[in-house]
Every structure is written in structure tokens, then in C-alpha cells.
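Novice: sharing a model prediction with you, sequence too.
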Amino acid sequence: MSHANLGLTPRDASPGVKGGRLGPTLYGKVFCDLTAPLDQKEAEVEASRCYYCYDAPCIRSCPSEIDIPSFIRKIGSGNVKGAAVDILDANILGGSCARVCPVETLCQEACVRDKADGKPVEIAKLQRYATDAYLETFEKTKEQHFTREKSNGKKVAVIGAGPAGLSAAHNLARMGFDVTIFEAKAKAGGLNEYGIAPYKVADNFAAREVAFILSIGGIKIEYGKALGKDLSLDGLRKDFDAVFLGVGLGANNALGVPGETLDGVQDATKKIEEIRQTKDLSKVAVGRDVLVVGGGNTAVDIAVQMKRLGAEFVTLVYRRGEEQMGATWHEREIAANNGVLLKTWAMPKEIRGEKAVREMEFEYTELSGSKLVGTGKTFTLKADQVFKAIGQKLVAPTGLELDGSKIKVDANFATSLPGVYAGGDCVKEGEDLTVTSAQHGKLAARAIFAKLFPGKALPYFVPSPNPQDDGRSLAVPAPGGKI
Ligand SMILES: Cc1cc2nc3c(=O)[nH]c(=O)nc-3n(C[C@H](O)[C@H](O)[C@H](O)COP(=O)(O)OP(=O)(O)OC[C@H]3O[C@@H](n4cnc5c(N)ncnc54)[C@H](O)[C@@H]3O)c2cc1C
Ligand code: SF4
């Protein structure tokens with residue numbers, strides 16, 4: 001059943017905040033896979049559409065530098081395992097990136113076939129085809145391409161088991177480091193496990209990918225261990241040869257308007273986490289009139305999820321125009337297909353209610369030069385739930401220099417503290433995406449190797465889409481996260 005046309009009835013449209021708004025038979029299907037995977041025939045046909053461009057623009061638009069034409073060529077010739085190895089060598093989270101990457105603004109936007117005939121090669125679907133086959137074989141046979149070098153005698157602590165931390169840990173373990181991941185939560189995966197929309201990573205994919213990543217060996221995870229609470233940077237620097245911070249962005253921005261503490265007003269990421277972790281979706285409390293404040297992917301995600309869980313009206317309110325929204329056109333299309341209403345050029349003024357939220361007042365906005373200002377004209381929307389999705393911020397570890405609101409790093413992802421590296425959402429470099437975080441982790445791992453083993457070549461061959469690079473040169477990332 002496709003995601004867009006899943007019927008949402010029978011459903012309870014009465015006012016209030018309650019679970020069980022959908023008919024019981026619907027919950028099993030409500031977060032079905034957003035994109036149907038390709039079968040072998042479809043994959044081969046799609047692969048045949050690739051022109052195998054020289055100096056391919058799709059590679060230049062991939063933050064993790066996957067050699068896209070190379071893996072597509074391998075799919076076309078039936079070498080699906082080789083295709084997967086190409087992908088995973090560049091990005092060990094290639095399976096989740098195939099599902100969650102906003103390819104419409106990355107590789108597929110750059111694909112020459114998009115420009116030539118308005119339909120890019122479906123790179124993400126092909127990537128998923130290859131990596132899914134690889135993962136399924138691994139799960140059946142426990143055989144895999146990635147092996148760990150014998151221990152090099154050095155220990156690295158990785159803080160956070162999100163995409164950045166997992167990518168760093170895998171690359172480090174592969175080089176022979178003994179890695180310990182300290183993770184504050186009870187599960188690994190970071191936002192892949194706790195934040196990404198469930199219909200993008202259906203079938204427990206995040207946990208399956210984590211199991212595959214850890215299977216390389218040499219990586220120990222300590223759950224329920226938080227830096228700043230159970231661990232200190234000073235202590236870690238004494239006990240380990242290097243530290244990598246992949247702590248993401250742990251806090252949410254506030255609206256700063258009256259009524260924010262009323263019942264029913266919540267951070268979108270908290271609700272998404274509840275939805276991702278619940279064993280029974282019918283227990284998730286859903287309002288009849290739901291408001292979402294924000295214009296990014298998190299705003300779209302919570303809006304779509306509440307709608308699919310049976311909210312009668314979900315309105316996403318954004319302070320600027322549709323063109324300025326952080327959510328890509330593809331995400332906005334998902335919202336529209338799911339019946340989410342969009343109200344632009346309006347900013348929050350007050351949330352009202354007695355104990356719980358009843359309504360929210362907004363002020364229309366406009367541009368005065370380049371400055372966004374209120375017009376003085378207001379309107380009020382009925383609400384029994386309000387979700388705040390206006391961005392997240394770093395809970396900064398103490399003792400580190402910051403660059404604005406994020407951890408300051410140099411081109412090698414080294415922080416201001418010797419031996420301490422950082423990557424992923426907690427640094428300014430690149431967009432806050434799974435693929436960027438995976439790339440940071442990979443490059444930081446290489447930089448740690450270069451620092452601790454100066455002049456030594458990487459212990460394994462790293463295929464590079466850059467013909468000038470013999471693959472063994474130590475990656476010294478340039479600003480922008482690229483080698
Ligand atoms: C709702 C939502 C939807 C998103 N959807 C997409 C999408 O569709 N596509 C996409 O590409 N990107 C998406 N993103 C962004 C993407 O999830 C992030 O860019 C990516 O997960 C960042 O990886 P990270 O490893 O830096 O941080 P995280 O994934 O945030 O992982 C950080 C890890 O560190 C742990 N941690 C934090 N503090 C500490 C501490 N003090 N001690 C120990 N452990 C700690 C956390 O528990 C967590 O496991 C989304 C983000 C959100 C919020
Ligand atoms: S730009 Fe498109 S056609 Fe060219 S190599 Fe990349 S996927 Fe193939």
C-alpha cells in the first residue's frame with residue numbers, strides 16, 4: 001500500500017487529546033515504508049538510465065563522496081555485492097542514507113538526466129537496492145567485506161552512537177583502534193533510532209544497520225553513560241589516546257511566547273521520539289486540532305505523523321514563505337499528500353488555555369527590507385496540541401571553544417582541546433544531515449589515525465572517486481568536509 005493513499009478511516013474525530021483515534025487494524029500500516037524498494041528487473045532498468053558521466057556531478061553533490069556511477073554500473077552488470085561495497089566503503093551508513101537523504105537537493109538534483117529529461121536516475125532507490133541485498137545476506141550468513149585490522153594498541157573514546165559516532169567508530173575499528181562508545185540513551189543509532197520519521201526507516205532498519213556496523217568487532221558500547229554527567233572530558237583524555245564527540249544537538253529552541261508551558265505544548269522531537277519508541281501506536285495521545293510551528297523537516301515530520309495517527313486538522317505555521325522553508329519540496333509534497341494544512345507568513349504571539357492549550361494566536365508577518373516584521377494583524381487557531389519545531393541547539397560540553405552555537409573544529413575536525421575531535425550536527429560544518437554526519441565521522445577517524453600514526457598510510461585501501469587520489473593518502477579534509 002502506498003504511503004500517500006493509505007485510508008485514514010475509520011477514525012475518531014472528537015475533540016480532545018487521546019489515543020486510539022484510528023481503527024485498530026490501521027496501526028500496523030500507518031507508518032508503512034514511504035518508498036517501495038526496487039526489484040531486480042526495476043533496478044537493472046533504472047541502472048541502464050545512467051550515463052556513467054566522467055567527473056560525475058552526482059558524486060560532487062554527495063556529501064559522503066560515494067562513487068555513484070561505479071556502483072550503478074555494478075548493479076547493471078549484476079554485481080550487486082560489489083555495488084554495496086562501493087557504497088559502504090565510502091559511507092558505512094549508506095543503507096540509511098538511501099532512505100533518508102534529501103536526494104532531491106543532493107545527488108539526484110545534480111544528475112544530468114534531471115537536466116536533460118526532467119527525471120534523474122533514481123540513485124537513492126538503487127543505493128537501497130544494493131545495500132538492502134547486502135544487509136540481508138549479512139544477516140543470513142554473518143559474512144561481510146569489512147574486517148578489522150589487528151589491534152594497533154591505541155584506544156579511542158566515541159561519545160554518542162548517532163550516525164557521526166557510529167561512522168567514526170566503524171572506521172577507527174577498521175584501522176585497528178580499540179573503540180569504546182559512550183551513549184547516554186539505552187539504544188544506539190542517534191536520531192536514526194529516535195528521530196527520523198518511522199515511514200523512512202520502516203522494519204526496524206536503524207537497529208539492523210547498527211548491528212551490522214558493530215559486527216566489525218573492536219567496538220564496545222556503554223549505554224546510559226553521558227558526558228557531563230557520568231564522564232568528563234578530562235577523564236576521557238587521560239584514559240584514551242583520542243576522543244571523538246558526536247553528541248548531536250540535544251536541546252530544542254523555545255518559542256518565547258506566553259503559554260508555552262501549558263499542557264499539550266511540546267517539543268516536536270520529544271513526541272517523535274515517543275512515536276518511534278512506543279510498542280503500541282494506539283496509546284500515543286493525538287489531538288483533534290494540532291498546530292505545528294516551524295518550517296523545516298522536523299516540522300513536516302511531526303505534522304505528517306500526527307495526521308497519520310488520526311488528528312482531524314493539522315496546520316503547520318511558518319513565519320516566512322514556502323520558498324524559504326527548510327523542508328525540501330519533496331517533504332512538503334509528503335505533507336500535502338497527507339492532508340497537512342500550511343499557513344505561511346505568520347509568527348506565534350500567544351498560546352492560550354486554562355491548564356491545557358485551547359487556542360493559539362499568531363501575527364501575520366512581512367519583509368521590511370530583509371528584516372522579518374510583524375504586521376500588527378493577528379488571527380487565532382483552535383488547538384489541543386501545539387508542537388514546537390523551530391530548531392535544535394547544542395548542549396555544549398564544557399571546556400571547548402565554540403563557533404557560534406556549535407563546537408569549533410578545524411579542517412581535521414579537531415576541537416580546541418588537543419586529542420579531542422568532533423563531528424556531525426554538533427559542529428557547524430555542512431548541513432545537519434545523516435549523510436554529512438557519517439562523512440564527518442569517517443574523516444575525523446582518518447585524521448585521528450594521521451595524528452597518532454604520523455606518516456603511515458591508512459591500513460586499508462579506500463577507493464576514491466577522485467582519479468588523482470591513490471586511495472591510500474591520508475585524508476586531510478578541507479573546509480566543507482571534503483577530502
Ligand atoms: C525529527 C528529525 C528528522 C530528521 N530527518 C532527517 C532526514 O530525513 N534525513 C536526514 O538526512 N537527516 C534528518 N535529520 C537530521 C539527522 O537525523 C541528523 O543530522 C543526524 O542524526 C546527526 O547525527 P549525529 O550523530 O551528529 O547526532 P545524533 O543523531 O543526534 O546522535 C547523537 C547521539 O549522541 C548521544 N548523546 C548526546 N549527548 C550525549 C552525552 N552528553 N553523552 C553521551 N551521549 C550523548 C545521543 O543520545 C545520540 O545517540 C532529522 C533530524 C530530526 C531531529
Ligand atoms: S549524474 Fe546521473 S547520469 Fe551521470 S553518472 Fe550520476 S547518476 Fe549517472
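Specialist: Happy to help now that I have it. Ligands and ions are numbered 1, 2, ... in the order given.

Novice: any figure for the gap between the residue in the stretch 351-483 of the chain positioned nearest to ligand 1 and Leu443?
Specialist: Closest to ligand 1 within the stretch 351-483 of the chain is Gly424: 2.1 Å, counting by C-beta to the nearest ligand atom. All C-beta atoms are positioned from the backbone trio N, CA, C, and that covers glycine. According to C-beta to C-beta, to the nearest Å, Gly424 stands 11 Å off from Leu443.

Novice: so which bits of this structure are right by ligand 2?
Specialist: 50-53, 56-58, 68-69, 72, 111-113, 121, 123 (C-beta under 6 Å from any ligand atom).

Novice: out of these, which is most surrounded?
Specialist: Among the residues of the chain next to ligand 2, the one with the most neighbours (other C-beta atoms under 10 Å) is Ile68, at 30 neighbours.

Novice: excluding covalently adjacent residues, which one is nearest to Asp267?
Specialist: Asn252 (4.2 Å; C-beta to C-beta, 6 or more residues apart in numbering).

Novice: kindly report the same for Arg73.
Specialist: Tyr52 (5.9 Å).

Novice: tell me the predicted confidence for the one you found.
Specialist: Reported pLDDT at Tyr52 in the predicted model: 96.

Novice: which positions in the chain make contact with ligand 1?
Specialist: Selection of the chain residues close to ligand 1 by C-beta under 6 Å from any ligand atom yields 100-101, 159-165, 182-185, 190-191, 195-196, 200, 226-228, 246-248, 250, 269, 272, 297-298, 301, 424-426, 432-435, 437.

Novice: ok, of the residues you listed, which come out buried?
Specialist: 100-101, 159-165, 182-185, 190-191, 195-196, 200, 226-227, 246-248, 250, 269, 272, 297-298, 301, 424-426, 432-435, 437 (16 or more other C-beta atoms under 10 Å).

Novice: so what touches stretch 432-442?
Specialist: Applying C-beta atoms under 8 Å, 6 or more residues apart in numbering, the external contacts of stretch 432-442 come out as 62-65, 90-93, 96-97, 100-102, 106, 162-171, 190-192, 196, 244, 246, 249, 413, 423-425, 427, 429-430, 481.

Novice: and stretch 216-224, what's buried?
Specialist: Using 16+ other C-beta under 10 Å as the test for burial, stretch 216-224 gives 216, 218-219, 221.

Novice: related to what we said a few turns ago, need the contact list for the residue nearest to Asp267.
Specialist: Here Asn252 is in contact with 267-270, 388, 390-393 (criterion: C-beta under 8 Å, 6+ apart).

Novice: now do 7 Å
Specialist: Contact analysis of Asn252 by C-beta atoms under 7 Å, 6 or more residues apart in numbering lists 267, 269, 388, 392.

Novice: and for the first one, the neighbour number?
Specialist: Think Asp267. The number of residues packed near Asp267 is 19, by other C-beta under 10 Å.

Novice: same check on Met175?
Specialist: Based on other C-beta under 10 Å, the number of other residues close to Met175 is 24.

Novice: quick check: it touching Ala447?
Specialist: No. In this structure, Met175 is not within contact of Ala447 by C-beta atoms under 7 Å, at 11.6 Å.

Novice: against Ser14, how distant is Gly20?
Specialist: For Gly20, the distance to Ser14 equals 11 Å [C-beta to C-beta].

Novice: neighbour-wise, which of the two wins?
Specialist: Counted by other C-beta under 10 Å, Gly20 and Ser14 do not tie: Gly20 has more neighbours, with 18 against 9.

Novice: helix, strand, or coil at the residue nearest to the more buried one when sequence neighbours are not counted?
Specialist: In space, and not counting its chain neighbours, Gly20 is closest to Ser282: 4.7 Å by C-beta to C-beta, 6+ apart. Three-state secondary structure (criterion: DSSP: H, G, I helix; E, B strand; the rest coil) places Ser282 in helix.

Novice: Ser282 is in contact with Gly19, isn't it?
Specialist: Yes. Using C-beta under 7 Å, Ser282 is in contact with Gly19, at 5.4 Å.

Novice: what sits against the residue of the stretch 251-400 of the chain found nearest ligand 1?
Specialist: At 4.0 Å from ligand 1, Thr298 is the closest residue in the stretch 251-400 of the chain, using C-beta to the nearest ligand atom. Taking C-beta under 7 Å, 6+ apart as the criterion, Thr298 is in contact with 268-269, 389.
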